[in-house]
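**Q** Turn this into a structure:
(chains A and B)
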Amino acid sequence: MVRKHAGQPLRRLEDPRLLTGAARYVDDLRFADLLHVDFLRSPHAHALIKSIDAAAARALPGVAGVFTHEDLRGRWGGFPVPGAPPAGGGDGGPAAKDPPRPPLADGEVCYAGQPVAAVAAESSEVARDALELIDVRYEPLPAALDAAAALEAGAPRAHASLPDNVAFRWERKGGDTEEAFRKADRVVRVEIRTERVVPCPLEPRGAVARWLPGEDELTVWTSTQSPHLVRAQLAHGLGLPESRVRVAAPEVGGAFGSKLGACAEEAVLAVLARLLAPRPLKWIEARRESMASPPHGRGQRGALELALRSDGKVLGVRYEAVLDLGAWSGPSAHLAAALAGSMACGAYAVPAASVAVAGVLTNKAPAGGCRGAGRAEMAYAIERAMDLAAAELELDPVEVRRANFPRSFPHGTAAGAVYDSGDYAKTLDRVLELCDMPRLRAERDARRRRGELVGIGLATYVDLCGPGPSRALAAGGWEAAAVRVGPAGAVDVFTGACPHGQGQETAFAQLAADRLGVSPEDVRVHRGDTALVAGGGGTFGSRGTAVGGSAVHEAARRVEAKMRRIAGAALGVPAEYVEHAGRRFVAGARSIAYEEVCHRAHRGVELPEGLEPGLEAACAFEPRSFTFPFGAHVCLASVDRETGEPRLEGYWAADDCGRAVNPLLAEGQAHGGIVQGIGQALLERAAYDEAGQLLTGGFLDYALPRARGLPWLRCDRTETPTGANPLGAKGAGEAGAIAATPAVVNAVVDALSILGVRHLDPPLLPERIWRVLRERSGP
Amino acid sequence: MIPALEYRTPESLEEALDLLERHGEEAKVLAGGHGLIPALKLRLAAPRVLVDLRRVPGLSSIEPLPEGGDGFVVGALVTHREIEVSPLVRARCPLLAEVAGAIGDAQVRNFGTLAGSLCHADPAADYPAVLLALDAEAVVASRRGERRVSAGELVQGVFETALEPDEIVRSVRFPGPHFAAAAYSKARQAASGFALAGAAAHLKLDGRRATDIAVGITGVAARPFRAAGVEDALRGQELSPEAVEAAVRGLAAGRELTSDIHASAEYRARLAEVHAKRAILRAAERGSAGA
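**A** Residues are numbered from 1 along each chain as shown, chains lettered A, B, ... in the order given. Have a look, this model is predicted:
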C-alpha cells in the first residue's frame, strides 16, 4: 500500500478557516425571517407541575408562541431509533428500563434544568423576557440524588411512575472467580468513586430547524457528532420518512460525547418548525444550560478486588459498581457500562473476572458517554488496585504490571473482550526510557529525604475503540464514504463520520490522496450532511479514522481501480499491468495523464467495454472487530505540605494507536486527552447541593485545566497495527483521557504514601489533601 | 440577553453625576464592564439606565500626586493592563503592577479597570488586599462634592460598597510612600482564578527588622481586612520564618469566614495564614535584595 501522505505529520487543512474566524458554526447561520427559541427550565430537581400559565408570555409583543408538553401531544412519537430496542441489550449494553422522555416536561420534572416550556420570539431578548412571564406552579417531591442511597428500600424515587430507581443490572463473568479468590495469597480491595464530569465543548449545543411546506422537508442544522442518527431519531419522532428530513452539522466546536444523538431541545425545535413554518427557528444554548443539561459522564462508585499470588500474578478480578445515570439514561450511558465491564481485566491477562454493574436513576442531569466512557472509569479502578497490589506485596509497580501483560495476541480476556493486537511491554519500556525512571526515582527519594512530598504515578492501559462490528451496536457499526473524481480531476470525499475538531478532514484527504495520486490539498472533504452522504454512524469512540478513514480508503481504491481500467484501455494493456505513479498511469514506455483519464471517464467515450461513465465509488466499511489501543503513562507530582495543593511536575506518555495516518493529529489527541484526564484527576466535578441544584453551573465554579498548572507533556508512540481494518489504525481520541486520571492520582497518592496514605479519589482538591495531611501529620 | 435599558454616554463627569442624581438606584455606572455586563446577561442586575463612562475625559490616566513623594493616582477608566505596563507604577509601586498583571487573562486585563473592580466588590478580588496594605483611597465624586474613602471602608460586603447611588469613584489614590519590601501571595480558586485567600504585605525594613508593616487579606470573608494582629506582632521585630509563622497563626480568628464548594471556612483560614506568611517573607526578601 502506497503511504506517501498517510503517515506524514501534515498540518491541519481545516485550521486556516478555524483560526481566522471564517468557519461557520450553527450560530453563524443567517436567515432573514428567523425566530429565536429559548427554554424555560425546571428550578427543581424533582417536582410535579400543578399548572402552567403562559398567558402573559403569549401576550408579550414579539412572541410567536409559547409551547408546553400539551402542544407536543400527538406531534412527537419519542426518541428511540426505529428498528432498535431503546437500550441495546446483548453486546451493545444492558437492557434497561428507561422511562419515556418527553421533550418538554409532562406533569413531572426530574432534574433541575429540564425543559418545561419553549418560547419562540422575534429576538433572543424577547424570548428571554417571555420566559420570565411564564408562571409554573410546582409541587416539590423528594429527590433521589445519591445513586447508592437511591438503591435502598424506601429511597425517594427519581420518577414517580417507577417502582424503584434501578434502570438496569448487568453482569459479566468469565473464568472461575470464586476459585481464583480462594487460591489467592492476597486479596487487594479498593473502593473507588469517580465524580460526574461535564463534557464542556467550546461550542455549546444549538440548532436551526426549518420546515419548507411546498417541499415537505425539514432541515435541521445542528451541532452534532452524528447527523444520520439525529435524522433517524427526528424522522421517527415526527413520523416522517427519512427522505423528508435533512440533518446537517455546520462546523462543530467539540462534543466529547455530549452531542451524540438528538436531544430534547432538537426534538422540540423540529416539532415547532412545522407549527411555525416556513419561519426557521434557532436555539442556541447558554453556557449555564450546557453545564446543567447535556450528558454528564463518569459518575460511578464501585469496589474492585484483585486476587493475587504472592509473586504479583493476578488470578482474578471482581468489580461491582453503581452508575449514577441521572434522570434519564441513553444508549451511550448503557454502552459505557458495557464498555467498563468488557475492560475489567485492564492491560492484564487475568484468568477470571466478574463484573456487576447497577445503573441507577437519580434526579440529576442525564448521564451519557464522555470521552473514554466506561473505559476511563475501569482503567482508573484497576490501575489504583495494581498500585495497591504492588504496595501490599512489596513489589515494584512497574514489574507487577509487566508480569501480568498478555503474552500473545489476539488475547481473549475473562471479561469477554478480544484484544486484537499489542505489545504492552514495548510502550511500557518506551515510557520508562522517556522519563528515565531510575533517575526519576532517585530524585524522588532524595527529595523525600529532604521532607518533600513527591510521588511517581504509572498507569498502563488498554482502550476499546473503533466501534465497531455492527453485531455489537444497536445502530450498526459500519461507516460510509463516497469518493468522486470530477472531469478535471478534482477530488471530493464524502464521509458519514462527523469530525468536530479531530482534524479528520486532513487525515481523510491524506488517505484519498495516496490512493488517487494527488496531493491532500487537492482533496475536498465533505462531512456532516445527510443530503451529501448516504449513511453514517458519526464520530465517537475513537472510530473516525479507523472506521471512517477505512471507508474513505476503500472508496478511493475503488475509484482508482476504475481509473486503471480506463488507463489500461487507453494504453492497450489490461488494468493489472497499469502502474499508477503520481499523476500518471504508466504501462511500459507509454503513459497517460491522470487528468486525461478523468476527462475520458466523464466524456464517456473510449471506455472499456461495459464500463459506466463517471468516476465515483461508495463504500460502507464494516470493521472486522473493535480495536484496542494501549500504552503507558508516567506522572511526577508533588504536594505542598502547607496547603495540600498538588503540583504536576512532569508527564510522559507512550501510546500505541496502531498505524497513525497523521502523527501530528495523533499527538494532538494525546495532548487533549491527557489534559482532560488531568482535569478529572485534579479539578473537575459536577457538584450538586442537597436539593439537587448544580453548584458548578459555569466556568467560574467548574474548574477546567488551564495551561497554567500543566506540566510539559512528553509523548511518544509505538505502532502495532491492527487487522481490524486495512489502515492498521486503532484510534487515538480517548486514550489520554483514560490513562491520565490514574497516572496522576497514582502519583499524588505515591507522594502521600510516606504518610501512610493508601488511596484518595479524584478530584484531588487541595482541601481534600490538606485534611489528610492534617490528620496524618498534625496542623 | 441583556434586558432593555437606557444606555447613556455622558461627555463629562458633571453630566454623568447629573444622570446618577436624577436616576438614583435605577442607574448603574459602567467602566470596563467585567462585573456588570455578565450580571446583566445573567439578569442578576437590571438597571433602567446604564451610564457608560467611556467618553468622560480625565479618567484614563495615571498621574503622580501633585504634592510630591512617590504617590500617584489611577483614573477610573485605567485598565489592569495599563497599570501592569505603566512605567510610573512599575517604578513607584511594582507590587500593584504585578498584581494587575496577574488578574484574569489578557482580554480581561485589557478591559477591566481597578476602580470598576473595587466598586464591583467581589470578596475574592485580588486588589483589595493590596490596596489595604498600601493605604490606598478611592476618590468619590457626586453632585454633593468629593470625598475620600479607604479601600477597607469602600468594600462593605459581598458586592456591597459604601457608595451612595449618586456617587462615582473617579480615581484611586495611592499616597505612598511605597517600599520595595512588598509582595502578594494567594491561593487561586481553580475555576475562576480569584483568591480563595490572598495576602498582601507592605513592609518598612531596617535590616531584617520591620519598622512598619501592613498586611491586607482578601478572599476569606465578605470584606477584605487588615491583619492587625499580625502587624502588631511583627512591628519592630526581626522577620525570621519562625517569628512570621507564629505571628500569622489565627489571623482570621473571630471573623465570619466564607465557606463554599471551593473551600471551607477552616481551610480558608489556614490558606490566609500560609499566604500571609509567604507574602511577608517574600516582601522581606525583596526588601533586603533591594537594599
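
**Q** So what's the gap between stretch B:213-233 and the chain middle?
**A** Relative to its chain's centre, stretch B:213-233 lies at 13 Å (Cα atoms, centre = their mean, to the nearest Å).

**Q** what do you get for stretch A:356-364?
**A** The mean C-alpha position of stretch A:356-364 is separated from the chain mean by 20 Å, Cα atoms, centre = their mean.

**Q** What segments of the stretch 101-250 of chain A are helices?
**A** A:124-133, A:177-183, A:227-238 (DSSP state H, counting those that start in this stretch).

**Q** looking at those, which is closest to chain B?
**A** helix A:124-133 (5.5 Å; Cβ to the nearest Cβ). (Each C-beta comes from the backbone N, C-alpha and C, glycine too.)

**Q** contacting residues around residue 181?
**A** No chain specified, so I'll use chain A. Residue A:181 sits next to A:187, A:305, A:307, A:315-316, A:318 when contact means Cβ atoms under 8 Å, 6 or more residues apart in numbering or on different chains.

**Q** um, chain B though
**A** Contacts of residue B:181 (Cβ under 8 Å, 6+ apart): B:201-205, B:283-284, B:286-288, B:290.

**Q** What's the ChimeraX line that selects buried ones from those residues?
**A** The ChimeraX selection below is limited to those of the contacts of residue B:181 classed as buried (16 or more other Cβ atoms under 10 Å in any protein chain shown):
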select /B:201,202,203,205,283,284,286,287
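
**Q** of the contacts of residue B:181, closest to chain A?
**A** Scanning those for proximity to chain A, where the rule is Cβ to the nearest Cβ, the winner is residue B:201, at 16.6 Å.

**Q** three-state assignment of residue 253?
**A** Just going to use chain A. Under DSSP: H, G, I helix; E, B strand; the rest coil, residue A:253 falls in the coil class.

**Q** my question was about chain B
**A** Counting by three-state DSSP, the backbone at residue B:253 sits in coil.

**Q** give me the beta-bridge partners of residue 137?
**A** The chain I'm using is chain A. residue A:51 (DSSP bridges).

**Q** ah, I was thinking of chain B
**A** On DSSP bridges, the residues paired with residue B:137 through beta bridges are residue B:150, residue B:173.

**Q** Please identify the most buried of the helices of the stretch 101-250 of chain A.
**A** Mean neighbours per residue, mean count of other Cβ atoms under 10 Å in any protein chain shown, is largest over the helices of the stretch 101-250 of chain A for helix A:227-238, with a mean of 24.

**Q** Residues contacting that one, please?
**A** Helix A:227-238 has contacts (Cβ under 8 Å, 6+ apart) with A:75-82, A:218, A:220, A:222, A:224, A:240-242, A:244-249, A:260-262, A:266-267, A:270-271, A:274, A:475, A:496, A:498, A:528-530, A:533, A:535-538.

**Q** Which one, of the helices of the stretch 101-250 of chain A, ends up nearest to residue A:376?
**A** helix A:227-238 (22.7 Å; Cβ to Cβ).

**Q** Only the C-alpha atoms, please, for the closest one, written as CSV.
**A** Only the C-alpha atoms of helix A:227-238 are listed here, as CSV (Å, rounded to 0.1, in the frame of the first residue of the first chain):
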residue,chain,number,x,y,z
PRO,A,227,-26.1,13.7,11.8
HIS,A,228,-27.5,10.4,10.5
LEU,A,229,-28.5,9.3,14.0
VAL,A,230,-30.2,12.6,14.6
ARG,A,231,-32.1,12.3,11.3
ALA,A,232,-33.3,8.8,12.2
GLN,A,233,-34.5,10.0,15.6
LEU,A,234,-36.2,13.1,14.4
ALA,A,235,-37.9,11.3,11.5
HIS,A,236,-39.1,8.6,13.9
GLY,A,237,-40.3,11.2,16.4
LEU,A,238,-42.1,13.3,13.8
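
**Q** as a whole number, average confidence for that helix?
**A** Here helix A:227-238 scores 94 as its mean pLDDT.

**Q** same check, this time on stretch A:263-280
**A** pLDDT averaged over stretch A:263-280 gives 96.

**Q** so does stretch A:448-458 get close to chain B?
**A** No. Stretch A:448-458 lies apart from chain B when judged by Cβ under 8 Å from any Cβ of the partner chain; the minimum separation is 14.3 Å.

**Q** which residues does residue 283 contact?
**A** Chain wasn't specified; assuming chain A. A:36-39, A:206-208, A:265, A:269.

**Q** I was after chain B.
**A** Going by Cβ under 8 Å, 6+ apart, residue B:283 touches B:181-183, B:201-203.

**Q** For it, what is the enclosing helix or strand?
**A** Assigned by DSSP states H and E, residue B:283 belongs to helix B:265-290.

**Q** And that helix, what's buried?
**A** B:265, B:267-284, B:286-287.

**Q** mind listing what the residue of chain A found nearest chain B touches?
**A** Proximity to chain B, evaluated over chain A using Cβ to the nearest Cβ, is greatest for residue A:703 at 3.7 Å. With contact set as Cβ under 8 Å, 6+ apart, residue A:703 has these partners: A:679, A:683-684, B:189-191.
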